[in-house]
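S.K.: Have a look at this prediction, sequence included:
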Amino acid sequence: MKNILVLCTGNSCRSQMAHGYLKKMLFANAKVYSAGVKKHGLNLDAVKVMELDGIDISDHTSNLIEEYLNIHFNYIITVCDHANESCPIFPNKESVKLHKNFVDPSKIKFENDQKKIEKFIYVRNLIKTYCFDFANKFFPDR
């Protein structure tokens, strides 16, 4: 079984969404973890938009990268530039490190809740596509 780490700044939104999708797509082929270089807590809007797509991440926890330094990761995916720049070097040199920057919808100011949810859904869909492409490339026989 392969280990995948999704890393973000606060492990509250983008990394949690990617974690949810990868866990669903690769359930029998990989163990998925997510963490942050800081710990901001699970974002309730991320939970809401994932639920709208049939994925429950409400039991996820916000974790720090330091909690996983002793795990051998086959893949490390950073989903924001800050995490990519701050990602510690893991002892496993065979890890494949991938990066894709997604805007943080929790940091944008909105006129109303509807606009906020629309932006969360937009980012969620970008992350979903990225995860689907990742799964097809690295786990084609899943």
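M.R.: Nice, thanks for sending it over.
S.K.: who touches stretch 42-59?
M.R.: For stretch 42-59, the surrounding residues in contact (C-beta atoms under 8 Å, 6 or more residues apart in numbering) are 12-14, 16-17, 19-21, 24, 60-62, 105-106, 116-117, 120-121, 124, 128. The way it works is simple: take the backbone N, C-alpha and C, and place the C-beta from them, glycine included.
S.K.: Can you select the buried ones among these for me in PyMOL?
M.R.: Buried residues within those, by 16 or more other C-beta atoms under 10 Å, are selected in PyMOL with:
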select buried, resi 12+13+14+16+17+19+20+21+24+60+62+105+106+116+117+120+121+124+128
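S.K.: List the contacts of the helix or strand of the chain with the lowest mean pLDDT.
M.R.: One helix or strand of the chain scores below all others by mean pLDDT, DSSP states H and E: helix 81-86, with a mean of 88. By C-beta under 8 Å, 6+ apart, the surrounding residues in contact with helix 81-86 are 7, 8, 9, 15, 36, 37, 78, 99, 101.
S.K.: out of those, which are inside strands?
M.R.: Applying DSSP state E to the contacts of helix 81-86, the entries found in strands are 7, 8, 36, 78, 99.
S.K.: I'd guessed the fourth one sits against residue 11; true?
M.R.: No. Counting by C-beta atoms under 8 Å, no contact exists between residue 78 and residue 11, whose distance comes to 11.8 Å.
S.K.: quick one: which of those two has more around it?
M.R.: Here residue 78 and residue 11 are set side by side on neighbour count (other C-beta atoms under 10 Å), and the busier one is residue 11, at 29 against 24.
S.K.: beta partners for the closest residue to the more buried one other than its chain neighbours?
M.R.: Spatial nearest neighbour of residue 11, chain neighbours left out: residue 36 (3.1 Å); criterion: C-beta to C-beta, 6 or more residues apart in numbering. Residues in a beta bridge with residue 36, per DSSP bridges, are residue 8, residue 64.
S.K.: State the number of residues packed around residue 104.
M.R.: 18.
S.K.: Find me the pLDDT at it, would you?
M.R.: Looking at residue 104, its pLDDT stands at 94.
S.K.: cool, and residue 107?
M.R.: Model confidence at residue 107 (pLDDT) stands at 87.
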